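Visitor: need coordinates for the following:
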Amino acid sequence: MNRERLEQVKQIARDSYSKDDFNFHILPVVENSLLLAKKFPEADKEVIVIASFLHDIGRAISRGDFQKENEHHLTGVEESSKILKDIGYSEEFIEKVKHCVLTHRGRREPNPETIEAKIIASADAMAHFDTFLDLFTFFLKTTDSFKEAVIEIEQKFERNWNKKLMPEAKEIVGEKYNAIMLIIKSTKEHFDKEN
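Guide: Predicted structure coming up:
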């Protein structure tokens, strides 16, 4: 792994994302992707680490524009390509990272095809299990009520569990998933008691 290039990408990521996004989402994605990479020795660890830092770069540069943020996997492919070309990565390496960025959301086509892309999609979901409370600030801003925020979060976790996580990732975050879903279930029980 080229340490100098990695440090450049890490610094670009640190400068592009908000401090909270970098600390509470990007770094957990990096950590989780490395955990998963240990289970797959054939995986290209440099692609994994670089893609971890850049997977949401489209959202970072579109901050405040909800439509563009919602398409951040597409803008992220373009931005990642520019960044990696400027740093001097090969076209083959850039294509691998672009596939990871394009497919990390797990909600839209195309689906992850490479082991590296599957790891990034799983690590992205795993990060939400690690910093679950951070999602409330996001969903409280984008929904009309606490009740809607809880329902949106529940749907996100169920979608992550059922569609994004590799079996190896489920082994790592299974206890967290069960705990989060228990809290959500307990909270939703109070919705039925509303006056």
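Visitor: alpha carbons only for contacts and neighbour counts from here, please
Guide: OK.
Visitor: count of neighbours near Ile153?
Guide: Neighbours of Ile153 under the rule other C-alpha atoms under 10 Å: 19.
Visitor: spell out which helix or strand contains it, please.
Guide: helix 146-159 (DSSP states H and E).
Visitor: tell me where this protein has helices.
Guide: Secondary structure of the chain by DSSP state H: the helices cover 3-16, 19-21, 27-37, 45-54, 57-61, 66-70, 72-87, 91-103, 115-130, 134-142, 146-159, 167-191.
Visitor: any regions of the protein where pLDDT drops low?
Guide: 63-70, 107-108, 194-195 (pLDDT under 70).
Visitor: skipping its backbone neighbours, what lies nearest the residue nearest to the spatial centre of it in space?
Guide: Residue closest to the mean C-alpha point of the chain, counted by C-alpha atoms, centre = their mean, is Asp124 at 2.7 Å. Sequence neighbours aside, Val29 is the residue nearest to Asp124 in space, at 5.3 Å (criterion: C-alpha to C-alpha, 6 or more residues apart in numbering).
Visitor: dump the residue contacts of the one you found.
Guide: 52-53, 120, 123-124, 126-127 (C-alpha atoms under 8 Å, 6 or more residues apart in numbering).
Visitor: please report how far it lies from Glu109.
Guide: According to C-alpha to C-alpha, to the nearest Å, Val29 stands 21 Å off from Glu109.
Visitor: same deal with Asp144?
Guide: 29 Å.
Visitor: Lys10 against Val49, yeah?
Guide: No: counting by C-alpha atoms under 8 Å, Lys10 sits too far from Val49 to count as a contact (9.4 Å).
Visitor: who has more neighbours, those two?
Guide: Val49 (24 against 19).
Visitor: next up, the contacts around that one.
Guide: Val49 touches 30, 33-34, counting by C-alpha under 8 Å, 6+ apart.
Visitor: now render these as TSV, adding distance to Asp21 and neighbour count.
Guide: Output for these, formatted as TSV (distance: C-alpha to C-alpha, whole Å; neighbours: other C-alpha atoms under 10 Å):
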residue	distance to Asp21	neighbour count
Val30	13	20
Ser33	17	27
Leu34	19	20
